[in-house]
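Participant: have a look; sequence and predicted model below, questions after that.
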Amino acid sequence: MKAKSWNEKLRCDMQPEVKPLGKAFGGFPAGARLLIPTPMMVMGYVNSIPLGESRTAQQMRADLAAQNDADTTCPLCSGIFLRIVAEAAHETGADVPVWRIIDAKSPTRKKLSFDVGLLDKRRAAEGLPA
């Protein structure tokens, strides 16, 4: 069976869900509402970051939770989906500004299969710190 491309993973047939936490997690009590985002939702967020501005993954999770009537966003899923967005953009040549959220401290950066120097160049071109 052929492995899915990053673009296929990005465009999967997944719907976002908000579920109550069964137990306390990440500083949120049992019963808090957890958003399970989709890769396309994460890409939409990344595309919405204005030129010359940056966000952290933590900000993205808080913003997506607020936009979807949830208390928090799954950190595992959002990290995986951020990688999918970055890899799919690189694979297809799409101009998705992942450099505005993947900085030198981002854990996602270490997992990327392409030269992260490309992200550094784009950050520098927009005047963003490494």
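Facilitator: Now that the structure is in, tell me what you want to look at.
Participant: for residue 107, what are its contacts?
Facilitator: 57, 79 (CB atoms under 8 Å, 6 or more residues apart in numbering). Using the backbone N, CA and C atoms, a C-beta is placed for each residue, glycine as well.
Participant: what about it, distance to residue 50?
Facilitator: If you measure residue 107 against residue 50 using CB to CB, to the nearest Å, the figure is 24 Å.
Participant: same check, this time on residue 71
Facilitator: Counting by CB to CB - residue 71 and residue 50 are separated by 26 Å.
Participant: higher neighbour count, the two?
Facilitator: Per other CB atoms under 10 Å, whichever of residue 71 and residue 50 has more neighbours is residue 71, with 19 against 10.
Participant: could I get the full set of helices for this protein?
Facilitator: For the chain, the helices defined by DSSP state H occupy 6-10, 39-48, 57-67, 75-92, 117-125.
Participant: what's the closest of those to residue 20?
Facilitator: Closest of those to residue 20 is helix 57-67, at 13.3 Å (criterion: CB to CB).
Participant: mind giving me the packing neighbours of that closest one?
Facilitator: In this structure, helix 57-67 packs against strand 33-36, helix 39-48, strand 72-73, helix 75-92, with contacts taken as 3 or more CB pairs under 8 Å, 6 or more residues apart in numbering; DSSP states H and E.
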